[in-house]
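J.: any chance you can model this:
(one chain, ligands or ions: 2)
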Amino acid sequence: MLKTLIVGASGYAGVELVTYLNRHPHINITGIAVSAQSPDAGKSLSDIYPQLKGRVDLRLQPLTDVAAVAKEADVVFLATAHEVSHDLAPQFLEHGCVVLDLSGAWRVNSAEFYTRYYGFTHQYPELLAQAAYGMAEWQAEQIKQTNLIAVPGCYPTASQLAIKPLLAAGLLNTDQWPVINATSGVSGSGRKASLNTSFCEVSLQPYGLFTHRHQPEISAHLGTPVVFTPQLGSFPRGILATSTCRLKPGVTAEQVAKAFHDAYDDKPLVRLYDSGVPALKSVIGLPFCDIGFAVDGEHVIVVSAEDNLLKGASSHAVQCMNIRFGYPETLSLL
Ligand SMILES: NC(=O)C1=CN([C@@H]2O[C@H](COP(=O)(O)OP(=O)(O)OC[C@H]3O[C@@H](n4cnc5c(N)ncnc54)[C@H](OP(=O)(O)O)[C@@H]3O)[C@@H](O)[C@H]2O)C=CC1
Ligand SMILES: CC(=O)N[C@@H](CCC(=O)OP(=O)(O)O)C(=O)O
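T.: Residues are numbered from 1 along each chain as shown. Ligands and ions are numbered 1, 2, ... in the order given. Modelled structure (predicted):
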């Protein structure tokens with residue numbers, strides 16, 4: 001059994017992690033933690049999330065002594081803000097833990113990227129170089145060989161799963177940058193209250209035009225520039241992305257379909273649509289990314305849908321953990 005600590009367990013991504021890991025046959029949850037100052041410290045997680053009553057009645061502990069809890073853990077999931085993960089991951093790694101981080105703190109191997117897009121100076125360039133980007137369907141070999149796994153962002157997961165097969169098959173004319181429009185539910189902003197995400201304020205609105213930190217994350221890992229526009233929608237969870245790309249002259253819909261099937265037929269957590277395109281309702285509460293597409297002349301529109309808290313965060317992290325430790329990829333997820 002792997003002794004497992006979940007930090008940030010009271011957050012939206014954290015509680016999903018606890019739910020999956022609680023039913024994992026090789027995981028023993030030894031701690032669920034929040035910040036040292038948290039008003040939730042000492043509460044039972046099921047007091048905050050009553051759906052867990054009788055299933056997970058663990059108490060949230062304040063993270064006051066990292067070294068002490070690190071000594072007791074084999075695996076640590078960080079479902080914490082980027083700066084918090086940046087500070088915590090090296091401490092757990094030092095104690096030999098395998099760290100799966102859901103934040104953006106270890107996703108791009110460039111300290112300058114963090115200064116520019118995250119507003120802090122990254123202090124650990126040598127660890128950044130050791131981190132594996134945990135895009136489970138594409139990076140299994142790298143995931144197996146590291147103790148630091150940077151689980152991809154929610155929008156980057158939906159976007160890259162949609163575009164990568166077409167690039168890998170050499171079908172895209174990248175002179176025209178892929179254009180990704182993606183709408184997220186409000187849980188993407190986390191549990192903390194803020195005016196921008198309060199009930200009466202949210203309708204449907206793009207944000208971060210040309211400046212969102214996920215644009216360079218997507219471009220860096222696809223290896224080609226993209227235009228990425230996120231939008232906030234008035235629903236609790238889910239991300240639906242449309243990625244519009246230019247095909248090379250003569251590329252057919254059959255070739256596009258073959259590229260997706262070649263990429264994902266042996267990947268159980270990506271579901272392909274042979275006709276039509278996915279809707280959010282088909283993936284909410286599930287660990288899948290669903291993908292469909294349409295071709296017209298030299299253009300293809302790929303539609304991808306996922307639950308931002310699951311394939312966009314927590315189930316993806318558990319999938320990476322399964323790969324890292326040699327368990328079946330879908331263990332505890334399906
Ligand atoms: N929400 C989403 O759709 C996605 C989120 N992510 C990433 O996952 C991470 C978590 O996101 P989300 O669940 O939405 O965030 P939340 O704001 O919902 O939860 C954050 C959690 O971290 C805890 N926390 C805050 N500060 C500390 C600290 N110093 N030490 C330990 N725990 C701390 C909070 O508890 P308290 O403040 O009480 O201490 C809370 O449990 C973020 O990095 C986010 O970018 C990634 C993909 C998708
Ligand atoms: C709707 C919403 O606010 N979404 C967040 C992204 C979700 C998230 O937590 O981002 P990471 O993938 O970087 O961890 C945002 O746009 O900042």
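J.: quick check, Ser219 in a strand?
T.: No - under DSSP: H, G, I helix; E, B strand; the rest coil, Ser219 sits outside any strand and is assigned helix.
J.: what separates it from His24, distance-wise?
T.: Relative to His24, Ser219 is positioned 34 Å away (C-beta to C-beta, to the nearest Å). The way it works is simple: take the backbone N, C-alpha and C, and place the C-beta from them, glycine included.
J.: now swap in Gly276 and tell me
T.: Gly276 sits 34 Å away from His24, going by C-beta to C-beta.
J.: which one of the two is surrounded by more residues?
T.: His24 (19 against 10; other C-beta atoms under 10 Å).
J.: OK, contacts around Lys3?
T.: Contacts for Lys3 (C-beta atoms under 8 Å, 6 or more residues apart in numbering) come out as 28, 30, 72-75.
J.: need the residues of the protein near ligand 2, please.
T.: 103-104, 153-154, 184, 188-189, 230, 232 (C-beta under 6 Å from any ligand atom).
J.: check whether stretch 185-202 contacts ligand 1.
T.: Yes - part of stretch 185-202 sits near ligand 1 under the criterion C-beta under 6 Å from any ligand atom, namely 187-188, 190-192.
J.: burial of Phe92, as a residue count?
T.: Neighbour count for Phe92, taken as other C-beta under 10 Å: 24.
J.: pick out the residue of the stretch 1-150 of the chain closest to ligand 1.
T.: Closest residue of the stretch 1-150 of the chain to ligand 1, C-beta to the nearest ligand atom: Gly11 (1.9 Å).
J.: my read: that residue touches Ser187, true?
T.: No - contact criterion C-beta atoms under 8 Å: Gly11 and Ser187 do not qualify, at 9.8 Å.
J.: and the strands in the stretch 51-200 of the chain?
T.: Assigned by DSSP state E, counting those that start in this stretch, the stretch 51-200 of the chain shows strands spanning 60-62, 75-78, 98-101, 132-133, 148-150, 179-184.
J.: no wait, the stretch 201-334 of the chain
T.: According to DSSP E, counting those that start in this stretch, the strands that the stretch 201-334 of the chain contains are 204-206, 227-233, 239-246, 270-272, 289-296, 299-306.
J.: possible to save those as JSON lines with mean neighbour count, mean pLDDT and distance to Asn196?
T.: Output for those, formatted as JSON lines (neighbours: other C-beta atoms under 10 Å; pLDDT from 0 to 100; distance: least, C-beta to C-beta, whole Å):
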{"stretch": "strand 204-206", "mean neighbour count": "12", "mean pLDDT": "98", "distance to Asn196": "9"}
{"stretch": "strand 227-233", "mean neighbour count": "20", "mean pLDDT": "98", "distance to Asn196": "8"}
{"stretch": "strand 239-246", "mean neighbour count": "23", "mean pLDDT": "98", "distance to Asn196": "18"}
{"stretch": "strand 270-272", "mean neighbour count": "19", "mean pLDDT": "98", "distance to Asn196": "32"}
{"stretch": "strand 289-296", "mean neighbour count": "20", "mean pLDDT": "98", "distance to Asn196": "27"}
{"stretch": "strand 299-306", "mean neighbour count": "23", "mean pLDDT": "99", "distance to Asn196": "23"}
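J.: pick out the lowest-pLDDT one from the residues of the chain next to ligand 2.
T.: Among those, Gly153 carries the lowest pLDDT, at 94.
J.: count of neighbours near the closest residue to that one other than its chain neighbours?
T.: Nearest in space to Gly153, with sequence neighbours left out and distances taken as C-beta to C-beta, 6 or more residues apart in numbering, is His214 at 5.2 Å. Using other C-beta under 10 Å, the number of residues around His214 comes to 23.
J.: try Val226
T.: With other C-beta under 10 Å as criterion, Val226 counts 20.
J.: confidence score at it?
T.: Listed pLDDT for Val226 reads 98.
J.: wait, it touches Glu217, no?
T.: No - in this structure, Val226 is not within contact of Glu217 by C-beta under 8 Å, at 10.2 Å.
J.: contacting residues for Ala89?
T.: By C-beta under 8 Å, 6+ apart, the contact list for Ala89 reads 78, 99, 101, 105-106, 124, 127, 148.
J.: if we go to 7 Å?
T.: Contacts for Ala89 (C-beta atoms under 7 Å, 6 or more residues apart in numbering) come out as 78, 99, 101, 105-106, 148.
J.: including distance to Gly250 and neighbour count, could those go into a markdown table?
T.: As requested, the contacts of Ala89 are exported to a markdown table (distance: C-beta to C-beta, whole Å; neighbours: other C-beta atoms under 10 Å):
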| residue | distance to Gly250 | neighbour count |
| --- | --- | --- |
| Leu78 | 47 | 29 |
| Val99 | 46 | 27 |
| Asp101 | 43 | 28 |
| Ala105 | 43 | 27 |
| Trp106 | 41 | 27 |
| Leu148 | 43 | 21 |
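J.: what comes up buried for the lengthiest helix in the chain?
T.: Counting by DSSP state H, the longest helix found in the chain is helix 154-168. Residues 154-167 are the ones in helix 154-168 that count as buried (16 or more other C-beta atoms under 10 Å).
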